[in-house]
Structures are given as structure tokens and as C-alpha cells.
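Colleague: when you get a sec, could you give me coordinates for this:
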Amino acid sequence: MARQQDSPISMLTGEAIEAFCRVKVSGATAIYADAGEAGIGVVQEYKASGAMACIRMHEHGGTCKVRAAGAFAVGATLYGAADGEVDDTVVGSPLYYALEAATAPHDIVEAAQVKVETDSSALEMVGNSLRGRAVTAMPTDAIWKNFNLCGMRANAFTGSFLDEDFTHGEKLPDSVFRDASSTIIVFPGVAGEGVVKLFTTADNEAAEIQWAGCPITVSGGAPWAFEMRIKQSVITDAKCGWFAGLMLGAAFPTGDLIVDGATLQTEGSIGFQAKEADGDKVDLVYDTTGQAQNEHDDDYVTQAADTYFTLGMHYDGATVQGYLNGVLSGTAMTAIDIAAADFPAGLILVPTIALKAGHADDFTLTVDWIRVAQGTA
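Modeller: Residues are numbered from 1 along each chain as shown. Alright, predicted model coming up:
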């Protein structure tokens, strides 16, 4: 007969489980939840294999005791570690905030559960949008499950956050530049469509956007991520250049974020660039003040005219990994890359989109949505 139980619940164990460790369901038994897994709750006392365990469920409305895998400070964001324990090493989604410090492995500490974003990013944005999109057209779940998006939306003090789905006709930021023959236009949802367009009609004309209200510390801080869906209207060498990523914020853009000839400014940036001389390719690049640009992943994307693709980056606290259409792609930027002189290490950059015409013909860069986030350290 089916039953209903309030938290805590009783469940048979499938292995010996230490007190205050996280567990997941395996068949009809509870076993350890491992690194990166949330599980269903926390066992309240040691139980041998085959015994009936008392499990305090997640979302129970109070604090709980958890078992530490290693030392961490009070206030640390905790993640799932091996054998049901928790640690401040970033693996998977955040699960708890430490209300007590752990000084050694296997310490038992009090923790408050993080409000977990249970919907996938795709379901979340479809729910907010007037149209449905394919999974590859949506924010990448493998990236965004690592961030407490609900908390960021509810409380600005939980980090930097930008989430613009132009279906809804979001307003442009204050840091915008338009040359005489360039425009930036938001087309709100019409029959479920909505985009922002950067448009140029003359050689060496520029259109630029920066979201200065979303500062991102590129290295040495908390994990961050950048992702957007974008397309360009025509594919021709010497036609135009564009950049989408993170760049040092200007007091006010003046049209020189990409100089004539499609060279990116050398004041600190990391992101994706289509260069004037190589019209159908997009590179994953970075640089810092006074250093030559590093083409970390040359020809990262081969474009097709007027065809959307999704570009993402995720810094997990140690490396920066690129994503293309929802799939991990290219070569990660390692700790060695980040320590090099040409990397914008420690700089505070802001989300940026920049377009520079390379010819006197019309050219349009279209953005469907953009999401950028960095939690508190």
C-alpha cells in the first residue's frame, strides 16, 4: 500500500552509511550521494547496510547537520562531495551554506540549504518566454546548474547577474554607442519573437553595448559564466568584425572597442571574436593591457549566414571552459594560461557586444538572449 511521510522519512539502507551524510535512492534503498549529486536528504545516525535509516529530507524548512569532507569557513558555499559528505570545492550545484566552520575531515557542522534551481535552464526560460526553443537554443544546463539563479534574482547582494531574453523587449543598458551610420534596436516580442540588433551601413562604423552593472572578476574570485545566442546576417571576408564576451568597462563606449581593421582593444577581454579578414570564423580569445591578443581557440565556430548559434564560457574557480550549442567544446584555459602575462587575470570585466563594419554595405548582428552570472566568493 502506498504511503505518505513527512520529513524525516524511514528508508532501508543499501550500504553502511555514516551519520549526517547525504543519500540518494538506488532501487528500494538509500545509498551515499556522491560528488556533484544533491541526493534526497541527510541520514540522522550511523546505520549498517540493510538497516532502516531516518532521513531528514531536503527542503524541510530548517537547518541540518552535515558531514564535512575537509576544512571550510563559516559562511562557505558547500557542494556535494564523495560518500555523502560536503565541501567548499565547486562540483555540481551549490547545496548548503555553512553556519559553522569545519576544521578537519568528518566534522559535523550546521548548514542551511541553498534554494536549488530545480528547473533546467531550458524549462525556466521557456516558461518565461512567448515561444519555445530547441535545447541547443537555450542556456546550457551543464553551465547554469552551478549557480543559485533563484537567489540571484531575488537578492542582488548574492553576486552579479544579467539575464536578458529579448523576447520581452528588455531595455538596453546605459553604456551604448552608435556611430552616425549605425543603430542598436530592441525588437520586443511580436508573435513570440524578440531580439536586439546591432546594425551598420558604412565602413568603419561601430555599434557597442556594455552592461556595466554586471561586473565579473575574471580570476581569483567566485565561479562565473557567460552565454548568449547570436547570428550575423552575411558571411563575407572584409565585411565586418564583432566581439561578444567580457571586456574592461569604458566610462562610455566611443566606437573603438574594435579598432578599424577588426583588431580588438588591448585593455582586457575574454570572449568570442569574428575578425574582418576571416568572415566565416569565430575565435575564442583573450588579452590584457599591453599584451598581444591570445587566440586560445582559433576557428572555434564556423558560421553560416543568418543562422543562430549559442556561445558560452564557464569559469569553475580554476579553469575557463568554452561551450558551443550546449556542448563542452574546445580547449580549457588552464591555471597556466590564467597565470600568463597575456591573460586578464584579476581584472573586473563587464558583458560586452561590439560590432565594427569593414565595408560600406549593410551588416546586422542579432542577439536572441544573454545570460551572465558570478556568485559571491
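Colleague: so which helix or strand takes in the residue nearest to the spatial centre of the chain?
Modeller: The geometric centre of the chain, computed from its C-alpha atoms, lies nearest to A225 (CA atoms, centre = their mean), at 2.8 Å. Using DSSP states H and E, A225 falls within strand 224-232.
Colleague: starting from that strand, tell me which strands it pairs with and how they run.
Modeller: Using DSSP bridges, strand 224-232 pairs in its sheet with strand 309-315 (antiparallel), strand 363-375 (antiparallel).
Colleague: G41: which of those strands is closest?
Modeller: strand 363-375 (24.2 Å; CB to CB). Glycine gets a C-beta too; all of them are placed from N, C-alpha and C.
Colleague: just how off-centre is the closest one within its chain?
Modeller: Put simply, strand 363-375 sits 12 Å off its chain's centre (CA atoms, centre = their mean, to the nearest Å).
Colleague: now swap in stretch 138-153 and tell me
Modeller: 6 Å.
Colleague: that one: end-to-end distance?
Modeller: Stretch 138-153 stretches 18 Å from its first residue to its last (CA to CA, to the nearest Å).
Colleague: and the gap between S49 and A30?
Modeller: Here S49 is placed at a distance of 10 Å from A30 (CB to CB, to the nearest Å).
Colleague: any chance of the strands paired with strand 224-232 in JSON lines with mean pLDDT as columns?
Modeller: Output for the strands paired with strand 224-232, formatted as JSON lines (pLDDT from 0 to 100):
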{"stretch": "strand 309-315", "mean pLDDT": "95"}
{"stretch": "strand 363-375", "mean pLDDT": "93"}
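Colleague: closest to F147 out of the ones you listed?
Modeller: Of those, nearest to F147 by CB to CB is strand 363-375, at 5.1 Å.
Colleague: got a markdown table for the strands paired with strand 224-232, with mean neighbour count and distance to I17 too?
Modeller: Formatted as a markdown table, the strands paired with strand 224-232 follow (neighbours: other CB atoms under 10 Å; distance: least, CB to CB, whole Å):
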| stretch | mean neighbour count | distance to I17 |
| --- | --- | --- |
| strand 309-315 | 23 | 32 |
| strand 363-375 | 23 | 30 |
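Colleague: ok, D165 touching M228?
Modeller: No: counting by CB atoms under 8 Å, M228 is not a contact partner of D165; they are 10.7 Å apart.
Colleague: just how off-centre is the strand holding A225 within its chain?
Modeller: Put simply, strand 224-232 sits 10 Å off its chain's centre (CA atoms, centre = their mean).
Colleague: for stretch 345-359, same thing?
Modeller: Offset of stretch 345-359 from its chain centre (CA atoms, centre = their mean): 18 Å.
Colleague: list the buried residues of that stretch.
Modeller: For stretch 345-359, burial by neighbour count (16 or more other CB atoms under 10 Å) applies to 345, 347, 349-359.
Colleague: average pLDDT across it?
Modeller: Stretch 345-359 carries an average pLDDT of 92.
Colleague: export that stretch as CSV, just CAs?
Modeller: Taking C-alpha atoms only, stretch 345-359 is exported to CSV below (Å, rounded to 0.1, in the frame of the first residue of the first chain):
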residue,chain,number,x,y,z
ALA,A,345,43.9,37.9,-14.5
GLY,A,346,42.1,39.6,-11.6
LEU,A,347,40.5,42.2,-13.9
ILE,A,348,36.9,43.2,-13.4
LEU,A,349,35.2,43.0,-16.8
VAL,A,350,31.6,43.6,-18.0
PRO,A,351,29.4,41.9,-20.6
THR,A,352,30.1,43.5,-24.0
ILE,A,353,28.8,43.2,-27.5
ALA,A,354,30.7,45.2,-30.2
LEU,A,355,30.3,45.5,-33.9
LYS,A,356,32.6,47.2,-36.4
ALA,A,357,31.8,47.5,-40.1
GLY,A,358,34.6,46.5,-42.6
HIS,A,359,32.7,47.7,-45.7
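Colleague: helices of the stretch 201-350 of the chain, start to end?
Modeller: With DSSP state H, counting those that start in this stretch as the criterion, the stretch 201-350 of the chain has helices at 335-339.
Colleague: pretty sure G62 sits in a helix.
Modeller: No: with DSSP: H, G, I helix; E, B strand; the rest coil as the criterion, G62 is coil rather than part of a helix.
Colleague: and the gap between it and V42?
Modeller: Computed as CB to CB, the G62 to V42 distance reads 12 Å.
Colleague: of these two, who's got more company?
Modeller: V42 (27 against 8; other CB atoms under 10 Å).
Colleague: immediately after the one helix or strand in the chain whose mean pLDDT sits lowest, which helix or strand?
Modeller: The weakest-scoring helix or strand in the chain, judged by mean pLDDT, DSSP states H and E, is helix 121-128 (a mean of 39). For helix 121-128, the following helix or strand on the C-terminal side (DSSP H and E) is helix 141-144.
Colleague: ok, G84 - contacts?
Modeller: Neighbouring residues of G84 by CB atoms under 8 Å, 6 or more residues apart in numbering: 17-18, 21-23, 32-34, 39, 43, 67.
Colleague: let me see the confidence value for the residue lying closest to A73 once chain neighbours are set aside.
Modeller: Distance criterion CB to CB, 6 or more residues apart in numbering; nearest residue to A73, sequence neighbours excluded, is A101 at 5.3 Å. As predicted, A101 sits at a pLDDT of 92.
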